[in-house]
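Asks: Dropping the sequence and predicted coords here.
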Amino acid sequence: AQSVAQPEDQVNVAEGNPLTVKCTYSVSGNPYLFWYVQYPNRGLQFLLKYITGDNLVKGSYGFEAEFNKSQTSFHLKKPSALVSDSALYFCAVRDGDTGNQFYFGTGTSLTVIP
Amino acid sequence: KAGVTQTPRYLIKTRGQQVTLSCSPISGHRSVSWYQQTPGQGLQFLFEYFSETQRNKGNFPGRFSGRQFSNSRSEMNVSTLELGDSALYLCASSLRGAGGETQYFGPGTRLLVL
């Protein structure tokens, strides 16, 4: 079965500090991995994705994520957090072999403290 | 290019009624997916349409249905509403819904069932 786990419901970080939002996944085939961000009363906004190639993926607004096949993880990172990064973050996976639906995690609420 | 649009943005219904939500994808996108978002559950996949055909379906009761028109616009219908159907309903579009394509989300329709 395919699934995504975001083990932390809430992450707090001080402004200027590095941030990490964790994601682990389970798929039977090759994983296609995505990160989205959701601001209040808005839809999801695409941040970055891993399909193939370099394990370190760079995305919008200074975010990056590292694909780790052995640990089946795709953690989202940013070197220096901004207050405006406070939002709800979703990790998603799609099985690259079957091409079926996206599976989303339950989301991690990030709060950057000024 | 205009983004994904959803109408209406807000709806209040009572138990037992039915509701129809509309989604217009990004121009040129032929795949439309629907998700239900509730606190603590994250995004639950409802169904995906491509070229007017339902291609994938999530684990929701038959009260939830959808369709896609020749211009790729999509509607979803929920009949015999229950209190538990209160949620944010998100629509996402992509070119063909294939593999590593990014899904782009609309702002959502917030449904409240009283």
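Replies: That came through, no problem. Residues are numbered from 1 along each chain as shown, chains lettered A, B, ... in the order given.
Asks: What's opposite residue 77 in the beta bridge?
Replies: Using chain A here. Note on A:K77: beta-bridge partners by DSSP bridges are A:T20, A:E64.
Asks: let's do chain B instead
Replies: In beta-bridge terms (that is, DSSP bridges), B:N77 pairs with B:T20, B:S65.
Asks: May I have the phi/psi pair for the residue nearest the centre of chain B?
Replies: Centroid check for chain B by C-alpha atoms, centre = their mean gives B:W34 as the closest residue, at 3.1 Å. Dihedral angles of B:W34 (phi, psi; degrees, to the nearest 10) stand at phi -120, psi 140.
Asks: B:A2 too?
Replies: phi -70, psi 150.
Asks: Over to the one 4 residues further on?
Replies: Phi and psi for B:Q6, reported as degrees, to the nearest 10, are phi -130, psi 140.
Asks: Likewise for A:G107?
Replies: phi 90, psi 150.
Asks: Mind listing residues that contact stretch A:61-77?
Replies: Here stretch A:61-77 makes contact (C-beta atoms under 8 Å, 6 or more residues apart in numbering or on different chains) with A:18-26, A:31, A:33, A:35, A:47-48, A:50, A:55-59, A:78-80, A:85, A:89, A:91, A:93. Any C-beta I mention is one placed from the backbone N, CA and C, and that applies to glycine too.
Asks: close enough to count as contact, the residue nearest to the centre of chain B and B:A87?
Replies: No - using C-beta atoms under 8 Å, B:W34 makes no contact with B:A87, being 11.2 Å away.
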